[in-house]
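Requesting a structural model of the entry that follows:
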Amino acid sequence: MTIAYGVIFALSLLLPVGYYLVVRKTQNEPWLFVLYLSVCVVNLGYLLLSLSKTVEFALAANKIAYFGQVFVPLCMFMIISGLCGFTYKKWVKYVLIAAAMLMFGLVLTTGRLDWYYKSVELTYADGAAKLIKEYGFLHPVNLIYVLGYFVAMLVVISISLKKNNGKSQKIAGLMLAVVFGNIGMWLVEKLVTWNFEFLSASYLMSEFVFFFVYWMLQDYVHKNEVPPPVIVEEKAPIIIVDNMTRAEKIKTILDSLPEDTVLSTRQMDILERILDYKSRKEIAAELHLSENTVKTHTGMLYKALGVSGRDEIYAMFQK
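A predicted model of the protein is given here:
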């Protein structure tokens, strides 16, 4: 059993590395990185708990696991909200973080007060240590905390599924599978007695799904893959913005870039809308992203094009 926890912990360490090597190149999603770190902490706690020889060490390992666990549903909710096009005020995020810390504070009372656990006993099964717990009167707070996030995730996904955007619905469908998978595993953990913490594997599978979703959103488009536009001869020798199609503008811009320069699918989406003179707010609404996310992608687009703003983009195809 300890070997299984060790393997899961080792696999969970790969995700933060994958985030930096794949996702962060074009998409800065801090909640995804925090989720990966939180799951690493959870699995480290489970591994240490399985190796425990004393109740004191087991309680310390259990607290480490809980420190990661209180942030996992928060991160999942924020990631799912972002993928489904929802944004929140900063104060909402601060409140949710404070609630997570308060939840962890209740766990820290273990061993000193009988509020969260009345008593604990260390036992061994399949070569691994396990805590047998008698719950205190504040333990149901954890139940409310987790269920509250599951409900919030389902509400966000349901709203997204009602939108007529095909991409949004596909992503929402994947998120629905993630949420129901975690709900099912969480219920099994609560209703059935196991010698193994299956949530560790459930969290890991959820991480891989999120990684897959963000990887899908990063397909690179080489400038020579952009289909050539149909060029219509202009009688006037001076070409102005409104006399060019969007495809012509894109070709003009991409032709000016070095051969090894590529733009991500998301950067191409934003470039097209910039060429349609849409504001950041309008772009965010169309792409179901937050304005901050659009701002991040726009900055990366400017860097790739070697410009500092929209005016310089427009100047690239003006003669």
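
Residue 130 in helix, strand or coil?
strand (DSSP: H, G, I helix; E, B strand; the rest coil).

That one reaches residue 51, doesn't it?
No - Residue 130 is beyond contact range of residue 51, at 11.4 Å (criterion: Cβ atoms under 8 Å). C-betas here are computed from N, CA, C, even on glycine.

between the two, who's got more neighbours?
A direct count of neighbours by other Cβ atoms under 10 Å for residue 130 and residue 51 places residue 130 higher, at 20 against 15.

Now residue 183: closest residue in space that isn't a chain neighbour?
Excluding the flanking residues, the one nearest residue 183 by Cβ to Cβ, 6 or more residues apart in numbering is residue 150, at 5.5 Å.

how about the strands of the stretch 1-150 of the chain, start to end?
All strands of the stretch 1-150 of the chain, identified by DSSP state E, counting those that start in this stretch, fall at 117-125, 128-135.

Residue 5 is nearest to which of those?
Proximity to residue 5, assessed across the strands of the stretch 1-150 of the chain by Cβ to Cβ, is greatest for strand 128-135 (7.3 Å).

So the chain: which segments form each domain?
The chain breaks down by automatic domain parsing into domains covering 2-216, 220-315.

need the least confident one among those, by mean pLDDT.
Ranked by mean pLDDT, those end with domain 220-315 at the bottom, a mean of 74.

so residue 246 sits right up against residue 277, yeah?
No - at 10.6 Å, residue 246 and residue 277 do not qualify as touching, with contact defined as Cβ under 8 Å.

With neighbour numbers in mind, choose between those two.
residue 246 (13 against 10).

ok, that one to residue 71 distance?
Here residue 246 is placed at a distance of 43 Å from residue 71 (Cβ to Cβ, to the nearest Å).

Same check on residue 91?
According to Cβ to Cβ, residue 91 stands 18 Å off from residue 71.

Same drill for those two, tell me which one is more crowded.
More crowded of residue 91 and residue 71, by other Cβ under 10 Å: residue 71, with 24 against 8.

The nearest residue to that one once chain neighbours are set aside: what's it in contact with?
Nearest non-adjacent residue to residue 71, counting by Cβ to Cβ, 6+ apart: residue 38, 4.2 Å away. Residue 38 makes contact with 68-69, 71-72, 75 under the criterion Cβ atoms under 8 Å, 6 or more residues apart in numbering.

Could you tell me which of these belong to helices?
Under the assignment DSSP state H, those contribute 68-69, 72, 75 to helices.

on that earlier part again, residue contacts, the residue nearest to residue 183?
Residue 150 neighbours (Cβ under 8 Å, 6+ apart): 73, 179, 182-183, 186.

for the residues you listed, which one is nearest residue 158?
Relative to residue 158, the closest of the contacts of residue 150 is residue 179; by Cβ to Cβ it sits at 10.6 Å.

From residue 154, how far off is the closest one?
Counting by Cβ to Cβ, the gap from residue 179 to residue 154 is 6 Å.

what's the answer for residue 87, then?
Residue 87 is 19 Å from residue 154, by Cβ to Cβ.

of the two, who's got more company?
Per other Cβ under 10 Å, whichever of residue 87 and residue 154 has more neighbours is residue 154, with 16 against 13.

Please identify the buried residues of the helix or strand hosting the more buried one?
Assessed by DSSP states H and E, residue 154 sits inside helix 140-161. By neighbour count with 16 or more other Cβ atoms under 10 Å, helix 140-161 contains the buried residues 142, 145-146, 149-150, 152-154, 156-157, 160.

how far out from the middle of the chain is that helix?
Mean-position distance between helix 140-161 and its chain equals 16 Å (Cα atoms, centre = their mean, to the nearest Å).

orientation of that helix relative to strand 128-135 in degrees?
Orientation of helix 140-161 against strand 128-135 (axes from the mean of the first three to the mean of the last three Cα atoms, to 10 degrees) gives an angle of 100 degrees.

before we move on, back to that, okay, the domains of the chain, which one's buried deepest?
domain 2-216 (a mean of 17; mean count of other Cβ atoms under 10 Å).

just the helices in the protein please.
Secondary structure of the chain (DSSP H): helices at 2-18, 30-50, 55-69, 72-83, 90-108, 140-161, 166-191, 199-216, 246-255, 265-275, 280-287, 291-305, 310-315.

Looking at those, spot the one closest to residue 120.
With respect to residue 120, and counting by Cβ to Cβ, the nearest of these is helix 55-69 at 6.3 Å.

elements contacting the closest one?
helix 30-50, helix 90-108, strand 117-125, strand 128-135 (3 or more Cβ pairs under 8 Å, 6 or more residues apart in numbering; DSSP states H and E).

And these: which comes nearest residue 175?
Between residue 175 and those, the shortest gap by Cβ to Cβ is with helix 30-50, which sits at 13.0 Å.
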